[in-house]
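*Asks:* for reference, the sequence and a predicted model appear below.
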Amino acid sequence: MFATTVESGVLQAHRPDTRWLATGHDGGYRTADAAYNVSVPEGFDRTDLDAYRTERREHAGFTTAGPTLLTGVDLTHARGARAGPVTVLATAGVSNPAALPMAPTGEPSAPGEDPAPPGTVNLLVGTTRALSDGALATLLSTAVEAKTATLVAETGFTGTTSDAVVVGCDPTGQRAAFAGSATPVGAATRACVREALRASLDARYADRTRPGSVADAEYGVRTERTADVFQP
């Protein structure tokens, strides 16, 4: 399975020669021995993100580069779950929820707004099965769907403005052709995302109040703009 270590505000998920697919600033496909989730301090304003990620990994004693996510959530609230060939690690903060109303007002988004702080729901997903690049992309979709379903059930929000996901597979493992919801890999991922995410939310909000709506949240946003529908 994927080995997990936390040092100096950096969480490492390690397995040699893993094939990763990541969203976010340094996203895309890559092969690396590890992926990371880094907790940033309150008031974080660094813009040189590549250099910052490297500094934090090396300060924590992790010399192996790999896809790296950032979060405003303290890693004492990180939680993991395992099922079958899948391991999931989650950190969850919902100070900046994003709502998609089904009856939008048509108002344009306000220009020039400052970016929301990194409250963020981050997921690191690893499977010991070997997946093609296409199946790894499907695994990413499966994890995001499970994240959304869990957040809607737990908070009423579909996500935050800065959610990010990294998925990885072992290219030398038993081959799995698919990773959708009905497959063994996909079903295990859905269960792990649900359990890890709920546990992280419970830890993060054990002594503070979760926002009950976008209006209650400090940095909530609503997509009120509309789009023109056409028949191709």
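*Replies:* Cool, the structure landed.

*Asks:* shaky segments in this protein?
*Replies:* Residue ranges of the chain with pLDDT under 70: 108-118.

*Asks:* stretch 121-140: how far from the chain's middle?
*Replies:* What separates the centre of stretch 121-140 from the centre of its chain is 12 Å, taken as Cα atoms, centre = their mean, to the nearest Å.

*Asks:* how about the strands in this protein?
*Replies:* 3-7, 10-22, 28-39, 68-71, 79-83, 86-92, 97-99, 121-127, 159-160, 164-169, 221-222 (DSSP state E).

*Asks:* between those strands, which gets nearest to V144?
*Replies:* strand 164-169 (6.0 Å; Cβ to Cβ). No exception for glycine: its C-beta is placed from N, CA and C like everyone else's.

*Asks:* residues touching Q174, list them.
*Replies:* P85, T128, R129, A130 (Cβ atoms under 8 Å, 6 or more residues apart in numbering).

*Asks:* quick revisit: the strands of the chain: which one's closest to A137?
*Replies:* strand 10-22 (6.3 Å).

*Asks:* what packs against that closest one?
*Replies:* strand 3-7, strand 28-39, helix 49-59, strand 86-92, strand 121-127, helix 133-155, strand 164-169 (3 or more Cβ pairs under 8 Å, 6 or more residues apart in numbering; DSSP states H and E).

*Asks:* kindly recompute the last result at 7 Å.
*Replies:* In terms of contacts (3 or more Cβ pairs under 7 Å, 6 or more residues apart in numbering; DSSP states H and E), strand 10-22 is packed against strand 3-7, strand 28-39, strand 121-127, helix 133-155, strand 164-169.
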